[in-house]
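Enquirer: kindly return the folded structure for what I paste below:
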Amino acid sequence: MDPLELLITNDVLRALDLLGVFVMGVAAGGLAARLNFDAMGFAIIGIIAGLGGGLVRDLILDYGVPAAFSGPWYLTCALAGSAFAFVVNSERAWWRRIVTGMDITAMGLWAATGTAKSLGYGLDVLPAILLGLTSATGGGIMRDVLVGRIPAVFGGGPLYATGAVVTAVLTWAVVALGLDAVWVVVAAAAGSALAMLAAWRRWTLPAHSEWEVTMSATQLKSMVRRIRRAERAKVAKETGAISIVDANEDDLAADSNYEESAEEYATRILGEEGPDLIPEAVEDTPVDQEIKEQVEEKVDERIEEKVDEEMQAEEGAWVRKGQDGEEIPDPIGH
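Expert: Next up, the predicted model:
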């Protein structure tokens, strides 16, 4: 018996397959209830969710009459699931966990069946795996698109698609290696177990970010330091204080120099007297966070001193006028 024959003819697997269709109908019905669908809406979305993946697979394979339409059972189970959701409140947490578990179990079976059937029709490995994935997730994708939301398998949810791919790859290995047909059940169980574990542990795949910081920590700190100095220079210019920061100097590259010693760093930022102001910044000492903080403190002190000196030298200039034209002292910088 080959794997596909086992998946189709075994009574237990057949029952699980039909139960999966029923569960997909229930899950789709729960979504329809939240969206206030009528009875016809429940029926349509239940059929699409429960049978959509298999229909797409069989149409691509030119299978003839799709398996979902070859008898009354598949349609009956899909409609029964959506009808159950229509008349019964299925939003309790314990019920959702049962539905999720059965949904994932069906996903594993559908991925194995789709892959085995595709290989039996002579497809190469990658198209067969793709159709196995389509069999497992196609109904859910069509359901989500039908109600105007991003399909759950595209990210942020349990690893349904990942589990389906694992099952599809393992099913191909069973067929390629000529293993006993029972191993295809192990393949389906492995993918389902991964998806269940991911749902329990809330695992997700890495998602693409709008942008990512690719700088090292040292480079990022240097950039922040440069921006702060630019802001100081801007404030000093607007208030009339003399800035000790050269606003035209881009010191990002120098700040991120890993070969620079603490003494060289202090000299570059504070001038020749820098090492004297920071005794710890000797030639053999590497630049660490403590020394950088000390240098920053000295820079802040110098800026404060320059602002104080300028305000004392031109005290009469530090005034502003009120609405009536009177001069009001305005000690900017304090």
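Enquirer: so which residue is dead centre in the chain?
Expert: residue 207 (3.0 Å; Cα atoms, centre = their mean).
Enquirer: burial check on the closest residue to residue 18 other than its chain neighbours, number of neighbours?
Expert: Computed as Cβ to Cβ, 6 or more residues apart in numbering, the closest residue to residue 18 that is not its neighbour in sequence is residue 77, at 4.9 Å. (Each C-beta comes from the backbone N, C-alpha and C, glycine too.) Neighbours of residue 77 under the rule other Cβ atoms under 10 Å: 23.
Enquirer: next one: the residue nearest to residue 137 when sequence neighbours are not counted from residue 134, what distance?
Expert: Leaving aside its chain neighbours, residue 137 sits nearest to residue 153 (5.0 Å; criterion: Cβ to Cβ, 6+ apart). Counting by Cβ to Cβ, to the nearest Å, the separation of residue 153 from residue 134 is 11 Å.
Enquirer: which one of those two has more residues nearby?
Expert: Applying other Cβ under 10 Å to residue 153 and residue 134 shows that residue 134 carries more neighbours, namely 24 against 21.
Enquirer: quick one: the more buried one is in a helix?
Expert: Yes. Judged by DSSP: H, G, I helix; E, B strand; the rest coil, residue 134 forms part of a helix.
Enquirer: surely it and residue 113 touch.
Expert: No. Using Cβ atoms under 8 Å, residue 134 is not in contact with residue 113; the gap is 11.4 Å.
Enquirer: so which strand or helix has residue 231?
Expert: Following DSSP states H and E, one finds residue 231 within helix 217-239.
Enquirer: just the pLDDT for residue 315.
Expert: For residue 315, the model assigns a pLDDT of 53.
Enquirer: now residue 118
Expert: The score at residue 118 is 92. That number is its pLDDT.
Enquirer: any idea how many residues pack against it?
Expert: Residues lying near residue 118 (other Cβ under 10 Å) number 27.
Enquirer: phi and psi next, for it.
Expert: When quoted as degrees, to the nearest 10, the phi and psi of residue 118 stand at phi -70, psi -40.
Enquirer: am I right that it is in contact with residue 57?
Expert: Yes. Between residue 118 and residue 57 there is a contact under Cβ under 8 Å: 7.4 Å.
Enquirer: SS state for the residue nearest to residue 261 when sequence neighbours are not counted?
Expert: Nearest non-adjacent residue to residue 261, counting by Cβ to Cβ, 6+ apart: residue 283, 5.3 Å away. Assigned by three-state DSSP, the conformation of residue 283 is coil.
Enquirer: residue contacts, residue 95?
Expert: Listed by Cβ atoms under 8 Å, 6 or more residues apart in numbering, residue 95 has no contact partners.
Enquirer: which residues touch residue 182?
Expert: Contact analysis of residue 182 by Cβ under 8 Å, 6+ apart lists residue 6.
Enquirer: residue 127 and residue 135, how far apart?
Expert: 13 Å.
Enquirer: residue 102 now?
Expert: Applying Cβ to Cβ, the value for residue 102 to residue 135 is 17 Å.
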